[in-house]
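S.K.: Quick one: sequence plus predicted model below, questions after.
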Amino acid sequence: MTSPVPDRTQVAIIGAGPAGLMLSHLLRLRGVESVVLESRPRERVETRQRAGILEHGTVEALREVGAAARMDEQGLPHDGFELRFSGRSVRVDMQELTGHHVMIWAQTEVTKDLIALRLEQGEPLLFEAEVTAVEDVETDTPLVRYRHEGAEHVVRADVVVGADGSYGPARRAIPDRLGRRFERVYPYSWLGILADVAPSSHELIYARGRTGFALASMRSPSVTRAYIQVPNGTDAADWDDEAIWDELAARFALDDGSFTLERGPITDKSVTPMRSVVSEPMRHGRLFLAGDAAHIVPPTGAKGLNLAVADVRVLAEALAEWFATKDETLIDAYSDTALRRVWRASHFSWTMTTMLHVDPDGDPFDEQLALAHLHHIEVSEPARRALAENYRGLALGAI
Ligand code: RFL
Ligand code: PHB
């Protein structure tokens, strides 16, 4: 049976998440062909509730590839965010402290626009195409095997990119003896909700409540996104709507009574475990890893999607240079270059996570350290600036 997409290409990309889709567009702009294979149906990829915050570099990349029109019209630029603890509030003014803002624009919308553009361009992107093996990555003609509509197919390429998320097969093509894996599992999870009600605050609120973390975010002026810390193993169905709103209200409460939480119908509930993983190196022979395939951060720092896009911005440049000149300098540097940002983001995400969550196995000493950290941010402008600089993300090349 003939393959539904070309069976020979320059770059075979596994995964149509933000990393794979963005890479396909950046490569096309640089004159490099690619094929994108995605195991899930299109509708599933476009509706998975995930990230909400885009750094400036991610916004720029969407503009560069021509997938920013809706974001520029409907996205919500945010100049700052709030931290709450001990019944009081501190504002971190990113714009004033760093000269940059971030954009609220959901991952679902990012992927919708990247997919629509790719299909409009008539470029190869196949859904329900599950990659089952990545082979020959130590040769000049690596290949991927995939299954589509019950038939087995092969794509041969010059390069394979594993942008297949945290459970994809690409990483397994790197022999264990050549790599290292670093992992931190946190002793809590997030219960996330979407609700048809206007956000209670015009900026995000990250709160360390007495009983745990809470985050107030949004998807639009009429849709609230919020999260609360819950024990690992929690089933979302065990939380009824009233209990979620009560817990959010308690964790965001201010001593002066000035905060009111708006409640409304909850349309989506899900639980996300909190963990951090880094797999090194991000390259083996002709296989390159990008995004969650190589690293995961807990969402407290809003870095996952932004790291995925930063990886492929570096990778697209490196691959384009190599295809054009056969100069290997940039592709050889890819893993180290990407990992410097990954570890910066891992440290920042760990800092935000431990500062704002209540560790169920912790003791009063841990509690006081977290509060001392928050208090430092409250009283010190340099401390706020460091936090703001990490949150809005360092420019490409600055790390
Ligand atoms: P993805 O998005 O997981 O995409 C990988 C794709 O690969 C496909 N795949 C395969 N395809 C073919 N064959 C196979 N064998 C395959 N195996 C897998 C998958 O179906 C999938 O479509 O990874 P990518 O592109 O690296 O993007 C990473 C981001 O999705 C992730 O880091 C963020 O969502 C993390 N994240 C956040 N990041 C931010 O930057 N800001 C945020 O505010 C933020 N909030 C969040 C988040 C993640 C969350 N969850 C649910 C983990 C909030 C939450 C709750
Ligand atoms: C979200 O809006 O989903 C969101 C915002 C900030 C985070 C994590 C998630 O840190």
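M.R.: Yep, that arrived. Ligands and ions are numbered 1, 2, ... in the order given.

S.K.: For the residue of the chain found nearest ligand 2, give me its contacts.
M.R.: The chain approaches ligand 2 most closely through residue 52 (2.5 Å), counting by Cβ to the nearest ligand atom. (Glycine included, C-beta is placed from N, CA and C.) By Cβ atoms under 8 Å, 6 or more residues apart in numbering, residue 52 lies in contact with 104-107, 217-219, 225, 302.

S.K.: Could you do residue 5 as well?
M.R.: Taking Cβ under 8 Å, 6+ apart as the test, what residue 5 contacts is 35, 37, 124-126, 129, 155.

S.K.: Apply 7 Å and report the result again.
M.R.: Each residue near residue 5 by Cβ atoms under 7 Å, 6 or more residues apart in numbering is listed here: 35, 124, 126.

S.K.: Return the distance of residue 160 relative to residue 24.
M.R.: 13 Å (Cβ to Cβ, to the nearest Å).

S.K.: no, scratch that, I was asking about residue 268
M.R.: With distances taken as Cβ to Cβ, residue 268 is found 28 Å from residue 24.

S.K.: Between these two, tell me which one has more neighbours.
M.R.: Each of residue 268 and residue 24 has its neighbours counted (other Cβ atoms under 10 Å); residue 24 has more, 29 against 12.

S.K.: From the chain's centre, how far out is the host helix or strand of that one? Work that out for me.
M.R.: Here residue 24, judged by DSSP states H and E, is contained in helix 18-29. Relative to its parent chain, helix 18-29 has a centroid offset of 16 Å by Cα atoms, centre = their mean, to the nearest Å.

S.K.: cool, stretch 178-196 as well?
M.R.: Stretch 178-196 sits 11 Å away from the centroid of its parent chain (Cα atoms, centre = their mean).

S.K.: now stretch 384-399
M.R.: 16 Å.

S.K.: now the end-to-end length of it.
M.R.: 20 Å (Cα to Cα, to the nearest Å).

S.K.: and the least confident of the contacts of residue 52?
M.R.: Of all the contacts of residue 52, residue 219 has the smallest pLDDT value, namely 92.

S.K.: Would you mind giving the secondary structure of it?
M.R.: Following DSSP: H, G, I helix; E, B strand; the rest coil, the label given to residue 219 is strand.

S.K.: Neighbours of it, how many?
M.R.: Residue 219 has 19 nearby residues by other Cβ under 10 Å.

S.K.: so who does it touch?
M.R.: 52, 106, 194, 225.

S.K.: so can I have a markdown table of these showing secondary structure?
M.R.: Putting the contacts of residue 219 into a markdown table (three-state DSSP) gives the following:
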| residue | secondary structure |
| --- | --- |
| 52 | coil |
| 106 | coil |
| 194 | strand |
| 225 | strand |
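
S.K.: returning to that earlier point: mind exporting the helix holding residue 24 as CSV, just the C-alpha atoms?
M.R.: The C-alpha trace of helix 18-29 is given here as CSV (Å, rounded to 0.1, in the frame of the first residue of the first chain):
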residue,chain,number,x,y,z
PRO,A,18,3.3,22.7,19.7
ALA,A,19,6.9,21.5,19.2
GLY,A,20,6.3,19.3,16.1
LEU,A,21,3.9,21.7,14.4
MET,A,22,6.0,24.8,15.0
LEU,A,23,9.2,23.0,13.8
SER,A,24,7.4,22.1,10.5
HIS,A,25,6.6,25.7,9.9
LEU,A,26,10.0,27.1,10.8
LEU,A,27,11.7,24.5,8.5
ARG,A,28,9.4,25.3,5.6
LEU,A,29,10.3,29.0,5.9
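
S.K.: which other helices and strands contact that helix?
M.R.: strand 8-14, strand 34-37, helix 56-65, helix 107-120, helix 304-325 (3 or more Cβ pairs under 7 Å, 6 or more residues apart in numbering; DSSP states H and E).

S.K.: which bits of the stretch 51-200 of the chain sit near ligand 1?
M.R.: Proximity of the stretch 51-200 of the chain to ligand 1 (Cβ under 6 Å from any ligand atom) is limited to residues 51-53, 107, 130-131, 163-165, 168-169, 192.

S.K.: quick one on the thing from earlier: what's the most buried one of the helices and strands packed on helix 18-29?
M.R.: Highest mean neighbour count among the helices and strands packed on helix 18-29 (mean count of other Cβ atoms under 10 Å): strand 34-37, with a mean of 26.

S.K.: quick one: it near ligand 1?
M.R.: Yes - residues of strand 34-37 are located near ligand 1 by Cβ under 6 Å from any ligand atom, namely residue 37.

S.K.: Quick one: mean pLDDT for that strand?
M.R.: In this model, strand 34-37 has an average pLDDT of 98.

S.K.: mind listing what that strand pairs with, with the direction of each?
M.R.: Sheet pairing of strand 34-37 (DSSP bridges) gives strand 8-14 (parallel), strand 125-126 (parallel).
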